[in-house]
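Participant: here's a sequence, model it:
(one chain, ligands or ions: 1)
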Amino acid sequence: MALLHILRYPDPRLYTVAARVDRVDHRIRKLIKDMAETMYAAPGVGLAATQVDTHLRVIILDISEAHDQLGVFINPELTAASGVADREEGCLSVPGVYEKVRRAERITVRALDAQGKPYTLEAEGLLAVCIQHEMDHLEGRVFVERLSRLKRQRILAKLKKRGRRAAEPEARRLAL
Ligand code: NI
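Facilitator: Residues are numbered from 1 along each chain as shown. Have a look, this model is predicted:
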């Protein structure tokens, strides 16, 4: 296993639209293992392959307290979405920034698991937020792009001022 480098916003590579995975093979399973190690070390609760500069449709999540319930979504697609919820989000690619984002409250997602087996999951609340946040990454969209232009400019200024000095992701807040 290996710790992967996480791209930082506004790195242009974060705007890449990820390609579908044709075959879930050992290469994809190695990517998932490395992503999981990277996510747990950060620490974060979700990670998209885009964030580690691999532009394939793979996301992982673990919102459990014990960090023992890794969710793997390969080629995820939303088949239903309803309701509206505003929840504070953060992102491992935008360290130290937490903002409320409006998303669907309930979703149904179809994906392949790490064995390449299709499954469908209904999610709501925190889990639904995380899945939508990570799926955005696969479309080349970082959550700050869902904020007003003013807020986004403030965030960019803050990141620029901070420069290369890393902000630690805060435990207990949602870093995806
Ligand atoms: Ni993120």
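
Participant: wait, what's in contact with the closest residue to the ion within the chain?
Facilitator: Residue nearest to the ion within the chain: Cys91 (3.1 Å; Cβ to the ion). In short, each C-beta sits where N, CA and C put it, glycine included. By Cβ atoms under 8 Å, 6 or more residues apart in numbering, the contact set of Cys91 is 9, 97, 133, 142-144, 175-176.

Participant: okay, and which of those map to helices?
Facilitator: His133 (DSSP state H).

Participant: which one of the contacts of Cys91 has the most neighbours?
Facilitator: In terms of neighbour count, Leu176 stands highest of the contacts of Cys91 at 28 neighbours, by other Cβ atoms under 10 Å.

Participant: for Leu70, see how far away the residue nearest to that residue when sequence neighbours are not counted is.
Facilitator: Spatial nearest neighbour of Leu176, chain neighbours left out: Gly46 (3.9 Å); criterion: Cβ to Cβ, 6 or more residues apart in numbering. From Gly46 across to Leu70, the span is 11 Å (Cβ to Cβ, to the nearest Å).

Participant: dump the residue contacts of the residue lying closest to Leu112 once chain neighbours are set aside.
Facilitator: Using Cβ to Cβ, 6+ apart and skipping residues adjacent in sequence, the residue nearest Leu112 is Ile74, 4.1 Å away. Each residue near Ile74 by Cβ under 8 Å, 6+ apart is listed here: 21, 24, 28, 57-58, 111-114, 116.

Participant: and Ile74, which of the three is it?
Facilitator: strand (DSSP: H, G, I helix; E, B strand; the rest coil).

Participant: for the one 5 residues further on, same thing?
Facilitator: Using three-state DSSP, the secondary structure recorded for Thr79 is strand.

Participant: I appreciate the help and will end here.
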